[in-house]
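Q: Here is a sequence with its predicted model. Questions after.
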Amino acid sequence: MKLTILGGGGFRVPLVYGALLGDHAEGRVTHVTLYDEDPARLHAVARVLAEQAAGVPDAPAVAVTTDLDDALRGTDFVFSAIRVGGLAGRAADERVALAEGVLGQETVGAGGIAYGLRTVPVARAVAARVAELAPQAWVINFTNPAGLVTEAMAEVLGDRVIGICDSPVGLGRRIARVLGARPDRAFVDYVGLNHLGWVSGLRVDGRDELPRLLADPALIESFEEGRLFGADWIRSLGAVPNEYLHYYYFNRETVRAYQEVAQTRGAFLHDQQARFYAEAGRPEVSAWDAWDRTRAEREATYMAENRESAGAGERAAEDLESGGYEQVALALMRAIARDERTTLILNVRGRGTLPVLDAEAVIEVPCLVDANGAHPVAVSPLPDHAVGLVSAVKAVERAVLAAAAGGSRADAVKAFALHPLVDSVGVARRLLDGYTAVHPGLAYLR
């Protein structure tokens, strides 16, 4: 079975390959093609993978290419993890937003909209090439903003594109752990959009264990999200929010924290990864050691500004465990390729799962996965406090899709202005002016 990774020179590719190395069953991935526009990054990542594969006799063969069509022909699965504009673009997104006093995070608020406006046209073009050259392939999308990009690709590929994210997986695992339940035996009742969801139940053997967590403030604050939001707020919600909702519930504090740091997250990752790729490209250096050191630093500093503003302290050792999106991707491929039925939290078209949204809207919910793809299952209704927020953010996503399809500046301004974290049409117009000034890829907006 062949897997093509778009963004094959990306830093997180070794996580995916590491998961593949542990799969020795019949029908596993035997060939991996890495596609990227940057040959130097491809070379560095290929060196890491070669060290990973040492001593593994049935390691998947790895090929690299800068030709998209070549990468797609004959593939069974496409893993899309592209970053349009690179980390320099992410850092620029943060700067422009913070200058206006609003959030510039890459998937939430102004930064997410700017990133979406750059990425959606490219994602649609990729989907068209997949449809022509590999119509039998399944696309697993991790490109951010994951829900928005998945919905854009679904316009071309239908249900053969499925979005994944590691945030709900990690949240469900942490809740199960503090409740003394095995994560693989727990059903996480999770509903929302990508980076905008809530756990409203955790069922083990048919019994909902979440009320036991909500009744115990000490238990709530024994895991990362509990410390981030605080027991009082989580108990008020009656649900456990995805970590990204901290940007909404504590927006002023988060923006202030981001404005006060010496270097934004995007700028930090840009500099950190530039050092890694330079080091990993040198033949006398262990590319794997360089990657592993960089990964550990990256994970330890994740959402550091949010934790500082909340007084949540450093990340606990158990919150740094691996087993995130790469394990979701592997489980998804196994379920489809081998018809090994499983339940995973994924980004798919809702088909009426959330009555507040239309059937074509991509949402993030538990899905039953089999050889025919991912099928959303029944979940608890959105909490009342979440309905307006989800509806507003989906309206923003739809405005981004319209702007990208028609090259409409008016729709782009609408997307910024409608977002709950952008409080002014005037700010929205200045944001778009700022982004078009620094991103040549937005010149299509007229």
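A: Sure thing, it's come through.
Q: what about the spatially most central residue of the chain, distance to Ala71?
A: Residue closest to the average C-alpha location in the chain (Cα atoms, centre = their mean): Cys165, at 4.3 Å. According to Cβ to Cβ, to the nearest Å, Cys165 stands 24 Å off from Ala71. Backbone N, C-alpha and C define where each C-beta goes, glycine included.
Q: per-residue confidence for the residue nearest to the centre of the chain?
A: For Cys165, the pLDDT comes out at 95.
Q: Tell me how far it lies from Glu340.
A: Taking Cβ to Cβ as the criterion, Cys165 is separated from Glu340 by 21 Å.
Q: again with Val84
A: As judged by Cβ to Cβ, Val84 and Glu340 stand 34 Å apart.
Q: Neighbour count: the two, which is higher?
A: Val84 (19 against 15; other Cβ atoms under 10 Å).
Q: Let's verify the more buried one: helix, strand, or coil?
A: Look at Val84: counting by DSSP: H, G, I helix; E, B strand; the rest coil, its state is coil.
Q: Next up, the contacts around it.
A: Contacts for Val84 (Cβ atoms under 8 Å, 6 or more residues apart in numbering) come out as 115, 118-119, 122, 441.
Q: how about a cut-off of 7 Å?
A: Applying Cβ atoms under 7 Å, 6 or more residues apart in numbering to Val84 gives the contacts 118-119, 122, 441.
Q: out of these, which are inside helices?
A: 118-119, 122 (DSSP state H).
Q: between those residues, which is nearest Val29?
A: For the ones in helices among the contacts of Val84, the minimum distance to Val29 (Cβ to Cβ) is 25.0 Å, reached by Val122.
Q: Could you say which of the ones in helices among the contacts of Val84 is surrounded by the most neighbours?
A: Thr119 (24 neighbours).
Q: Could you dump the contacts of Val84 into CSV and include pLDDT and distance to Ser408?
A: Below are the contacts of Val84 laid out as CSV (pLDDT from 0 to 100; distance: Cβ to Cβ, whole Å):
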residue, pLDDT, distance to Ser408
Arg118, 97, 15
Thr119, 98, 17
Val122, 98, 18
Gly441, 94, 16
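Q: Format those residues as TSV; extra columns: distance to Val48.
A: Below are the contacts of Val84 laid out as TSV (distance: Cβ to Cβ, whole Å):
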residue	distance to Val48
Arg118	27
Thr119	25
Val122	25
Gly441	29
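Q: roughly how far out does stretch 293-303 sit from the chain middle?
A: 16 Å (Cα atoms, centre = their mean, to the nearest Å).
Q: actually stretch 172-186, not the one I typed
A: That offset, for stretch 172-186, works out to 22 Å (Cα atoms, centre = their mean).
Q: contacts for it?
A: Taking Cβ under 7 Å, 6+ apart as the rule, stretch 172-186 contacts 188, 190, 199, 202-204, 209, 212-213, 219, 222-225, 240, 319.
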